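> here is my input; please provide its structure:
(chains A, B and C)
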Amino acid sequence: MIFSPSPHIHTGRTVTSAMTHVIIALLPATLCACWYFGLPAFEIIAISIISCVLSEWLISRFILGRQRPEIPSLTAASLTGLLLALNLPSSLPWWTAVLGSVFAVGVTKMAFGGLGRNIFNPAIAGRVFLLISFPALMTSWPLPGSGFCASPDGHTGATILGRLKTGDLSGDMLSYTDMLLGNMGGSLGEVGAIAIIIGFIYLLATRIITWHIPVSIIATVAVFDALVGAPVGINLLSGGLLLGAVFMATDYVTSPMTHRGMIIYGVFIGIITVVIRNWGAYPEGMSFAILLGNAITPLINIYVKPRRFAARKEVAA
Amino acid sequence: MKTFKLGGIHPPESKLTAGMPIVALELPRRVEILLSQHIGAPALACVAVGDKVVRGQMIASPAGFISAPVHASISGTVKAITTVNLPSGYTAPAIVIEADDEQHRADEIARKAQIEADAKPADRSISEDFSRDTIRRLVSEAGIVGLGGATFPATVKLSTKEGAEPELLLINACECEPYLTCDDALMRAYASNIMEGIELMMKASGVRRAVIGIERNKPEAIAALRNVLDPTWPIEICPLKTKYPQGGEKQLVEAVIGRRIPSGALPASVGVIVNNVATAFAVYAAVCRGRALTDRVITVTGDVPNRGNYLVAVGTSIKEILGEIPDDCKVILGGPMMGRTAATIDTPVTKGTSGLLVLSTPYRREEQACIRCAGCVQACPMGLEPYLLSTYGRLRMWDEARQALVADCIECGSCSYTCPSSKPLLDYIRIAKSTVMAQIRAEKSQK
Amino acid sequence: MDAELILITIGILCGTGLLGAVLLFFVARRFHVDEDPRIDRIAALLPGANCGGCGLKGCRDLATTCVQRGNLTGINCPVGGTPVMKKIAEIIGVCAEEANPMVAVLRCNGTCQARPKRSEYDGAHSCAVMNSVAVGTRGCSYGCLGCGDCADVCPFDAIAMDESTGLPVVDPEKCTSCGKCVATCPRHLLELRYKGKRDRRVWVACSSRDKGAVARKICTNACIGCGKCVRTCPFEAIDLKDNLAYIDFEKCRACGKCLDACPTGAIHSTLPPRKQPTESVQQ
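Below is the predicted model of the structure:
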């Protein structure tokens, strides 16, 4: 006989399956990146995934002394690697990607105790680390080619957000079609709006995430931008906004636990993003906004409680 | 379609025995009848070893107001008054009765007659003769307890104060647990008798209106009830959207009347009494047929050859019903969400046993780190934070757990069911809850 | 960079520091709380583990209580023991009560060999949880469940689970008799007993109240309530109740006669091995 406390059945959903679903949801964006940026994009993705998984395994084996590799942690690490790569420009030297991966996994995640214990989203932290350490490398984006084997043509340029910042909107302004399809300069994964939206729909359909965080971020950015008179369409479709809102801000570990908390978190991130984009030194503020959102998450969890079934009658009375 | 609002889950229904008729299992030659088959004080044995008893005779009398008598479920001789195994492996006092061939044959014939009589539509004229007090007395004497699993003595619920009667009698026919179909089978077979039982309960408690809350995954039962329902009666059938744990008292009341029972209060605080549909049938049998609660319908399901809905005598050994069970199986008394596993099957069926579920390849936990996915928070039907409560329980932080409202937990198991990290959330919450409840009781008794 | 700028910077920083210091000084004066200096002195003597073994909220609470009451009746720090209590008594100016040093012992002897596994458990790794679900994997409703709740709560790392027996082992050197394990064990198997003269103590390592035959069937090391030890004891220290012998540690002189009398080896001791080894009788 086997005995145990109830319940005796389970959804069958595991950490590994949840992470795998997110990776699947990222595939359209990944393919999109490979299409526009060719082989270098593929290289960056492969390098960051491999170095993330490797650092995860080495740290858990030799520093934390865990004998067996844990599949969920390794899946999570490969997801981190993929997300990090999608946040990098394809012209980045390979060692920079490795450095970012080691920082993402080693410092932001494993130093806090591994999967589930990190305060900040590892991929975002890795990207911000690289952005601060190597600003020149991180802000020159090759212009997209087309076709999987397209080698980057050597042209680099500022992203549309960068041009917005410097007020250089003259010349060949991108059309919305280009922005939706991703035919513009930028980090690997942030260019194809449609690809990201497909991923979002997949995540909603498989119930990996709820709508609260992405929708509240995007709505806040739209409303706030309209209020301050910034071009709403360009702000929504360019830069890391969509990728961040759908895949990075919704990271389980670093986002709030209740729906109301998630909306507060989303609004907060949206506001910070617009503030940085419009008045900050950087043309892109999504990563910083998400990091700040991560930082206030514990606070949200303490103060925003789920809706209780019933108002409490004093039991001790 | 109505349902409750907060949380809830949709486990696979797995109603393998749906649509199967109720089969009367042959009466056993030996029964072990526990003295405590209800919440409250254990009954006191009123027979001695060697006494001859007949089926339906009271063999232990109630010990107080919140208690219930216990009856012989077979005719025979009292062989021993001793301790027997509970499913958990702990022991409890029980009366052991053994029958000889003749007694056995006579019992079988009598029971067959009863079943045939029940199959006919209920004679509605009978109940009109009974007064409120008579019904309460008969229900009390028949040893009826809540048959949904809580086993709270039925008379206590029906004993409402005159002039302060609740507005509504809510009949719980949700059977939201996966696998179980015993209530479903009962409703399909004895719809008119159940209606009669409901009328009797309304009369006993002085309630004017009754609603049967039933999940819509039981269309045949709904049809059967509709069939016998006279539109002039103050009884209503309320189909509900299938969602676990709809059968929880608080969830059901919210689903049906849209009001929430405050924490720590009884359904009476919103003017409702809730009773299980099987209890209604037992009330009918007790009052109209003068029969004590000696048999009940249980679902035998899962990985066993003899699946089905059975009428079983209380006190029958589970081993006798299931046969030999391999060692790597889980035997669950009740449903898979809230049922308790048996550490030994050498134990008797009680009034509260609603099903026997055998899982041959039970799901085994491989606990992983919490990834804070908030699945448990979203699944909790009470709006609690299981991840937090569970941690408090594990670290023995009882005061913090109490602050976080652990006492509101209904132990439905939705959190553990949902958790992708397979954390035993409810296991620790239950420990915290029982500790906190003990604290609260101690404080109350001090005042 | 000119010198003037450097000087200004230094000046401003020093000035700010000075201002802060002055401010802090006055704030500390203004909000000073008078506290008996003895509390600090006593708190410094205490181990500082805040184990709660004294029954108070922690070491500082003990210190405050001592000073407030002005005597030590009923207050004892089991961790620091008599030496610490004596020092505290000196500070307060009273005589310390002599407390017998105590140690936690396990009243179960149901090793893996004595009680083979009967069922599998699949739930939270916690004795409290397992106890609430069923009797445990080994079929004994009184004995150790083996999940190590006691080892988890021990603030002094004095309890470790022994893999080979499946039972916790108390390290008497580390045990401070704080009583946390006693309060935690859902089956109340740990007991605080006198450490005994020259560290010699004898106890019944079983808590089963089952009848002899039943207990024996479940566990070969169980106390079967035969009463031989009761008859053997020259000091009338052993008591038999509910099929279970209990040795009163206040009366026991650790002579060890009961060890030889016990047919199941349910009585354990820390006495040095004698000529006739008192190993448990296996059948």
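> and C:I88, how many neighbours?
By the criterion of other Cβ atoms under 10 Å in any protein chain shown, C:I88 has 25 neighbours. All C-beta atoms are positioned from the backbone trio N, CA, C, and that covers glycine.
> quick check: it touching C:L72?
Yes - between C:I88 and C:L72 there is a contact under Cβ atoms under 8 Å: 6.8 Å.
> all strands of the chain, in order?
Using chain A here. For chain A, applying DSSP state E gives strands covering A:2-3, A:141-142, A:156-157.
> my bad, the chain I had in mind was chain C
C:102-106, C:120-121, C:159-161, C:168-170, C:190-194, C:202-204, C:238-241, C:244-247, C:267-269.
> next: the stretch 201-350 of chain B.
Counting by DSSP state E, counting those that start in this stretch, the stretch 201-350 of chain B has strands at residues B:209-215, B:235-240, B:272-276, B:295-302, B:308-313, B:330-333, B:340-341.
> avg pLDDT for stretch C:92-111?
Averaging pLDDT along stretch C:92-111 yields 82.
> and the end-to-end length of that stretch?
48 Å (Cα to Cα, to the nearest Å).
> check whether it contacts chain B.
No - using Cβ under 8 Å from any Cβ of the partner chain, stretch C:92-111 never reaches chain B; the gap is at least 14.3 Å.
> buried residues in that stretch?
Burial within stretch C:92-111, assessed by neighbour count using 16 or more other Cβ atoms under 10 Å in any protein chain shown, is assigned to C:92, C:96, C:102-111.
> need the contact list for A:G240.
Shown in contact with A:G240 (Cβ atoms under 8 Å, 6 or more residues apart in numbering or on different chains): A:87, A:187, A:190, A:248, A:284, A:286-287.
> can you name the residues that contact B:P245?
B:P245 neighbours (Cβ under 8 Å, 6+ apart): B:8, B:176, B:251, B:337-338, B:381, B:410, B:412, B:414.
> right, I mislabeled it, should have said B:R111
Counting by Cβ under 8 Å, 6+ apart, B:R111 touches B:24, B:27, B:55, B:295.
> 6 Å instead?
By Cβ atoms under 6 Å, 6 or more residues apart in numbering or on different chains, the contact list for B:R111 is empty.
> one step back: the strands of the stretch 201-350 of chain B: which one's closest to chain C?
strand B:340-341 (7.1 Å; Cβ to the nearest Cβ).
> any chance of the strands of the stretch 201-350 of chain B in a markdown table, with mean pLDDT too?
As requested, the strands of the stretch 201-350 of chain B are exported to a markdown table (pLDDT from 0 to 100):
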| stretch | mean pLDDT |
| --- | --- |
| strand B:209-215 | 94 |
| strand B:235-240 | 94 |
| strand B:272-276 | 94 |
| strand B:295-302 | 94 |
| strand B:308-313 | 95 |
| strand B:330-333 | 94 |
| strand B:340-341 | 92 |
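> and B:A80, which of those is closest to it?
strand B:308-313 (17.9 Å; Cβ to Cβ).
> what number of residues lie near the spatially closest residue to B:P42 that is not a sequence neighbour?
Counting by Cβ to Cβ, 6 or more residues apart in numbering or on different chains, B:S36 is the residue found nearest to B:P42 once chain neighbours are left out, at 3.7 Å. B:S36: 20 surrounding residues under other Cβ under 10 Å.
> how near is B:S36 to chain C?
The spacing between B:S36 and chain C, counted by Cβ to the nearest Cβ, to the nearest Å, is 16 Å.
> which stretches of chain C have low pLDDT?
Along chain C, segments meeting pLDDT under 70 span C:1, C:74, C:96-99, C:274-283.
> and the strands of the stretch 201-350 of chain B as a markdown table, adding mean neighbour count and distance to C:D199?
As requested, the strands of the stretch 201-350 of chain B are arranged in a markdown table below (neighbours: other Cβ atoms under 10 Å in any protein chain shown; distance: least, Cβ to Cβ, whole Å):
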| stretch | mean neighbour count | distance to C:D199 |
| --- | --- | --- |
| strand B:209-215 | 22 | 66 |
| strand B:235-240 | 18 | 68 |
| strand B:272-276 | 24 | 61 |
| strand B:295-302 | 26 | 56 |
| strand B:308-313 | 23 | 59 |
| strand B:330-333 | 26 | 47 |
| strand B:340-341 | 24 | 44 |
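> tabulate those strands (JSON lines), appending distance to chain A.
Output for these, formatted as JSON lines (distance: least, Cβ to the nearest Cβ, whole Å):
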{"stretch": "strand B:209-215", "distance to chain A": "17"}
{"stretch": "strand B:235-240", "distance to chain A": "17"}
{"stretch": "strand B:272-276", "distance to chain A": "14"}
{"stretch": "strand B:295-302", "distance to chain A": "10"}
{"stretch": "strand B:308-313", "distance to chain A": "20"}
{"stretch": "strand B:330-333", "distance to chain A": "5"}
{"stretch": "strand B:340-341", "distance to chain A": "4"}
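> from chain A, how far out is B:V377?
5 Å.
> now C:Y121
In this structure, C:Y121 and chain A are 6 Å apart, going by Cβ to the nearest Cβ.
> one more: C:W203?
Taken as Cβ to the nearest Cβ, the span from C:W203 to chain A is 31 Å.
> my guess is A:R277 contacts A:S287. True?
No - between A:R277 and A:S287 there is no contact under Cβ atoms under 6 Å: 11.7 Å.
> ok, which residues in the stretch 1-150 of chain A are in contact with chain C?
Applying Cβ under 6 Å from any Cβ of the partner chain, we find that the stretch 1-150 of chain A lies next to chain C at A:1-5.
> and which of the residues you listed is nearest C:C178?
Using Cβ to Cβ, the residues of the stretch 1-150 of chain A next to chain C come closest to C:C178 at A:P5, 29.6 Å.
> and C:I91, how many neighbours?
Neighbour number of C:I91 under other Cβ under 10 Å is 16.
> tell me the contacts of it?
Applying Cβ under 6 Å, 6+ apart to C:I91 gives the contacts C:38, C:41-42.
> hmm, back to that, please indicate which of the residues of the stretch 1-150 of chain A next to chain C are buried?
A:1-5.
> between those residues, which is nearest B:L86?
The closest of those to B:L86 turns out to be A:F3 (Cβ to Cβ; 12.0 Å).
> biggest helix in the chain by residues?
No chain was given, so I picked chain A. Ordering each helix of chain A by length in residues (DSSP state H) puts helix A:15-58 first.
> ah, no, chain C please
Longest helix in chain C, counting by DSSP H: helix C:3-30.
> which residues of the stretch 51-200 of chain C lie near chain A?
Within the stretch 51-200 of chain C, the positions near chain A by Cβ under 6 Å from any Cβ are C:119-120, C:122-123, C:133-134.
> most neighbours among these, which one is it?
In those, the most neighbours by other Cβ under 10 Å go to C:A134, 27 neighbours.
> chain B versus that one, what's the distance?
According to Cβ to the nearest Cβ, C:A134 stands 4 Å off from chain B.
> please enumerate the helices of the stretch 151-300 of chain B.
Assigned by DSSP state H, counting those that start in this stretch, the helices in the stretch 151-300 of chain B fall at B:154-158, B:182-189, B:191-205, B:219-228, B:249-257, B:277-288.
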